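*Asks:* A predicted structure for the sequence below; I have some questions about it.
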Amino acid sequence: MTQRYVYDALSKSLGGIPGSPVYHRFAAMAYTDVSMNRLPYVLFVALACTVTACRPHAKQAPSESPLPHSAAPQTRLSAQERNPGVSSACGPTKITLTCAPGSSDCIQTIASISNRDGQSRELSKPAEMKDYTPVGVECVVAANGSPYFVVQYGERPFGCEFCEWYYLYDGNGKQLTHSNPAILTDDSLPDSKQQSPNNMEFDEMADALEIGEIDVKLLDDN
């Protein structure tokens, strides 16, 4: 009778989980230990088990990792947005270089000249520069105080060793120098040094006007 009482008490204290390993372990203790007058000990252990770790633990649902935020779509900027251009002003007159429309990598550029009234026109390109494009501009002042524009022509976006031409324009945008032929060749020099840009007219006029050091603003410097 006592053993049945202990067995039932264990069933209740363990939450009524017959068939579990813990249940059978304490039931066995009840049958073996009651005869040894250890009933209080068995009941104490069974009670302690109900409030501690003897009960089988419920499995916790795995925490869900937050879904990564999808990256916002990147908008491809146009050449004009990536490189808004560079300009230089001589008094009220300004020459501006910008990427040509449709030139995705700004390989081709446009030089435009504008005055104080806001009127603008495209600067004429030298005939010998038909395969090249404006890459830089700067306003310089001669010894007599007259302003001049220096426009540099070349290749974009990387340029080359022998393709840096300089042209002189007056304050109204009139071309004053030429480079005919565009490339000079000297066979007496090593192969890698034989070709050079023809800036002879520009150098002669710059010296005659006593124009000092020229620091051209390149399109990618702004």
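*Replies:* On my side now, so go ahead.
*Asks:* Give me the neighbour count for residue 151.
*Replies:* Around residue 151 there are 26 other residues, counting by other CB atoms under 10 Å. The C-beta positions use only the backbone N, C-alpha and C, and glycine is treated the same way.
*Asks:* Also residue 90?
*Replies:* 21.
*Asks:* doesn't residue 139 make contact with it?
*Replies:* Yes. Contact criterion CB atoms under 8 Å: residue 90 and residue 139 qualify, at 4.0 Å.
*Asks:* Need the residues touching each of the two.
*Replies:* Shared contacts of residue 90 and residue 139 (CB atoms under 8 Å, 6 or more residues apart in numbering): 147-149.
*Asks:* Just the buried ones out of these, please.
*Replies:* Neighbour counting with 16 or more other CB atoms under 10 Å marks 148-149 as buried within the shared contacts of residue 90 and residue 139.
*Asks:* Tell me the one of the shared contacts of residue 90 and residue 139 nearest residue 99?
*Replies:* residue 149 (19.7 Å; CB to CB).
*Asks:* Point me to the helix or strand that includes the closest one.
*Replies:* Applying DSSP states H and E as the criterion places residue 149 in strand 147-154.
*Asks:* how does this structure divide into domains?
*Replies:* The chain is divided into the following domains under automatic domain parsing: 2-51, 79-221.
*Asks:* same question for the last one, mean pLDDT?
*Replies:* Think domain 79-221. Domain 79-221 shows a mean pLDDT of 92.
*Asks:* if I pick residue 142, what's in contact with it?
*Replies:* 148, 209-211 are the contacts of residue 142 under CB under 8 Å, 6+ apart.
*Asks:* give me every residue that touches residue 167.
*Replies:* Counting by CB under 8 Å, 6+ apart, residue 167 makes contact with 126, 129, 150-153, 175-179, 202.
*Asks:* Just the buried ones among the residues you listed, please.
*Replies:* Neighbour-count burial within the contacts of residue 167 applies to 126, 129, 150-153, 177-179, 202; the criterion is 16+ other CB under 10 Å.
*Asks:* Now flag whichever of these is closest to residue 111.
*Replies:* Closest approach to residue 111 among the buried ones among the contacts of residue 167 (CB to CB): residue 151, at 6.1 Å.
*Asks:* where's the closest one relative to residue 109, distance?
*Replies:* 11 Å (CB to CB, to the nearest Å).
*Asks:* list residues touching both of these two?
*Replies:* Common contact partners of residue 151 and residue 109 (CB under 8 Å, 6+ apart): residue 134.
*Asks:* Report the contact partners of the closest residue to residue 162 other than its chain neighbours.
*Replies:* Of all residues not flanking residue 162 in the chain, residue 195 sits nearest, at 4.4 Å (CB to CB, 6 or more residues apart in numbering). Listed by CB under 8 Å, 6+ apart, the contact partners of residue 195 are 162, 183-185.
*Asks:* Please report phi then psi for residue 195.
*Replies:* Main-chain torsions, residue 195, degrees, to the nearest 10: phi -100, psi 140.
*Asks:* Please apply the same query to residue 206.
*Replies:* Dihedral angles of residue 206 (phi, psi; degrees, to the nearest 10) stand at phi -60, psi -40.
*Asks:* and it, how many neighbours?
*Replies:* By other CB under 10 Å, the residues close to residue 206 number 20.
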